[in-house]
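1. I would like to see how this sequence folds:
(4 chains)
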There are 2 protein chains.
Amino acid sequence: MRKPAAQQLQDYLAGQGLKSTHQRDEILAVFVSAGRHLSVEELYELMKKEHPRIGYATVYRTMKLFAQAGLAEELRFDDGFTRYEYKASDGHHDHLICTRCGRIIEFENDRIEELQESVAKKNRFLAQSHKLEIYGLCGDCRGKRAKKE
Amino acid sequence: MRKPAAQQLQDYLAGQGLKSTHQRDEILAVFVSAGRHLSVEELYELMKKEHPRIGYATVYRTMKLFAQAGLAEELRFDDGFTRYEYKASDGHHDHLICTRCGRIIEFENDRIEELQESVAKKNRFLAQSHKLEIYGLCGDCRGKRAKKE
DNA sequence: ATCATATTGATTTCGATTATCAATATCACC
DNA sequence: GGTGATATTGATAATCGAAATCAATATGAT
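-> Below you'll find the predicted structure:
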């Protein structure tokens, strides 16, 4: 079972002596319901629709906060800017990224995780985290012929 | 057998109708001999010692050129800036990155590569490239107690 | 309700990278 | 070996996402 996101946020704020604000609640609601892999820019645009007074900086700050609270994970793909994904309680997963349409697909593979662990051990490394990204063409895009560009 | 880097550069330049310059030759020599995983900043500092007249922008431009020529690979780890590694002809490899001292260790694991391919296939993806980074503490750093910070 | 303090929002700053542009170097051709 | 068209260089400004600043405001303990 998963603690509701809103509750998890309140617990974190209380535990850290931080304050509960409308902005934080609203950003969380939009972030969670919007689906995943949102850039700050995208999230800011979504926020503006419902809460036009929200500031750009607040969205940045709040997403960093969510990351620290364990509510969100920071993703940095090759296109330069940071995305956040809502962190469900189920295990770690990695990403397939379509280089044409930008679609992002999640996957998990326990065997790969194990092999990574063994690679770390072999090199006397204590693994803390990892990142596996596979770039390529998604099913929809591989069919299409390359657009003129 | 590997074509010498200098020769590979000349071939690429000729093939593209580009010009061979001292700067490009010198940057390549320093880059190749310096070892691997150099940030542009680091490479620029190395260059200045032997060729103080080199410009910052030239180093940036030239590394991009080397990447296109297949001489270098662009690496973007989580610390924000781009590094380049000399691209040997042997196969793809991935990286273990120490989060304390910054050390970078290369590894390759064919089994992981195969599994990635099968994950791609399972999702109807045509894999073009991938990136696997394992962050953690290297052998030297895991022993040490956390420094006060 | 009061007040110390955390937070917000508008804005500026930062830091890595890229674009601009006049001066210069390269190279194909004579 | 000169000449000229053009690619390249180097100094600098511009860019862009992200982070810092700071006065005004909201929060929550008392």
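2. can you pull the contacts of A:Y60?
-> Contact partners of A:Y60, counting by CB atoms under 8 Å, 6 or more residues apart in numbering or on different chains, are A:V40. (Glycine included, C-beta is placed from N, CA and C.)
3. before we move on, what about A:E50?
-> By CB under 8 Å, 6+ apart, the neighbours of A:E50 are A:26, A:30.
4. repeat that for the one 3 residues further on.
-> Contact analysis of A:R53 by CB under 8 Å, 6+ apart lists nothing.
5. distance of it from B:D110?
-> Per CB to CB, to the nearest Å, A:R53 is found 55 Å from B:D110.
6. equivalent analysis for A:K49, please.
-> With CB to CB as the criterion, A:K49 and B:D110 are 49 Å apart.
7. just A:I97 next, same as before
-> 23 Å.
8. looking at strand pairing, list the partners for the residue most central in space within chain A.
-> In chain A, the centroid-proximal residue (CA atoms, centre = their mean) is A:E85; its distance is 2.0 Å. Legend: beta-bridge partners of A:E85 under DSSP bridges are A:E73.
9. wait, it touches A:E73, no?
-> Yes. Counting by CB atoms under 8 Å, A:E85 touches A:E73, with 5.2 Å between them.
10. what does chain A put close to DNA strand C?
-> Residues of chain A found near DNA strand C (CB under 7 Å from any atom of the strand) are A:13, A:17-19, A:21, A:23-24, A:53-58, A:61-62.
11. before we move on, the earlier item: quick one: contacts for the residue nearest to the centre of chain A?
-> Per CB under 8 Å, 6+ apart, neighbours of A:E85: A:36-38, A:72-73, A:75.
12. neighbours of the closest residue to DNA strand C within chain A, how many?
-> Going by CB to the nearest atom of the strand, DNA strand C is nearest to A:G55 of chain A, at 2.6 Å. Close neighbours of A:G55, defined as other CB atoms under 10 Å in any protein chain shown, add up to 11.
13. okay, and the helix or strand of chain A with the least pLDDT?
-> Lowest on mean pLDDT, DSSP states H and E among the helices and strands of chain A sits helix A:139-143, with a mean of 89.
14. which other helices and strands does that one contact?
-> If contacts are counted by 3 or more CB pairs under 8 Å, 6 or more residues apart in numbering or on different chains; DSSP states H and E, helix A:139-143 sits against no helix or strand.
15. okay, that helix in CSV with CA atoms only?
-> What follows is helix A:139-143, C-alpha atoms only, in CSV (Å, rounded to 0.1, in the frame of the first residue of the first chain):
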residue,chain,number,x,y,z
GLY,A,139,7.5,1.4,-32.5
ASP,A,140,5.5,4.2,-34.1
CYS,A,141,8.5,6.1,-35.3
ARG,A,142,10.5,3.3,-36.8
GLY,A,143,7.9,2.7,-39.4
